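**Student:** need a 3D model of the following:
(one chain, ligands or ions: 1)
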Amino acid sequence: MAKRWHKCISSIAAHGTPGNCPSCKSEDTDYVYVICSEHNSFLHMWCNACGRGEQVCGRGKPPEGWKTMTGDEYAAWKYEGGSR
Ligand SMILES: [Zn+2]
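**Tutor:** Okay, the predicted model is just below:
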């Protein structure tokens with residue numbers, strides 16, 4: 001099921017947003033590219049409407065212009081209930 005979020009990656013690249021949620025079709029979606037270290041990064045996409053989301057393994061640096069966080073920032077943000 002989670003594979004459906006993969007089409008959102010190209011949407012981010014093209015439009016700066018994941019686009020419609022694969023589960024509920026809401027446009028209330030967002031993403032962040034988390035850079036934990038030079039060789040450890042992932043892309044987190046989620047839907048604010050239904051709470052579903054997906055993490056996809058990254059490949060080093062994100063494409064230019066993408067929203068990013070460090071691993072520490074991401075942990076703090078999750079702790080504050082930023083997503084899900
Ligand atoms: Zn949704």
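
**Student:** tell me the pLDDT of residue 70.
**Tutor:** pLDDT for residue 70: 96.

**Student:** can you tell me which residues contact it?
**Tutor:** 34-36 (Cβ atoms under 8 Å, 6 or more residues apart in numbering). All C-beta atoms are positioned from the backbone trio N, CA, C, and that covers glycine.

**Student:** what do you get if the cut-off is 6 Å, keeping everything else the same?
**Tutor:** Contacts for residue 70 (Cβ atoms under 6 Å, 6 or more residues apart in numbering) come out as residue 35.

**Student:** do the same with residue 72
**Tutor:** By Cβ under 6 Å, 6+ apart, the contact list for residue 72 is empty.

**Student:** in space, what's closest to the residue sitting furthest away from the middle of the chain - neighbours in sequence excluded?
**Tutor:** The outermost residue of the chain relative to its centre, with distances by Cα atoms, centre = their mean, is residue 38 at 18.1 Å. Once flanking residues are discounted, residue 38 sits nearest to residue 60: 7.2 Å by Cβ to Cβ, 6 or more residues apart in numbering.

**Student:** what does this structure put close to the ion?
**Tutor:** Contacts of the chain with the ion, taken as Cβ under 5 Å from the ion, map to 21, 23-24, 26, 47, 49-50.

**Student:** OK, contacts around residue 26?
**Tutor:** 47, 49.

**Student:** so how far does stretch 26-42 reach from one end to the other?
**Tutor:** This stretch, stretch 26-42, spans 23 Å end to end (Cα to Cα, to the nearest Å).

**Student:** ditto for stretch 19-29
**Tutor:** 7 Å.

**Student:** show me where this structure has helices.
**Tutor:** In the chain, the segments counted as helices under DSSP state H are 6-15, 71-79.
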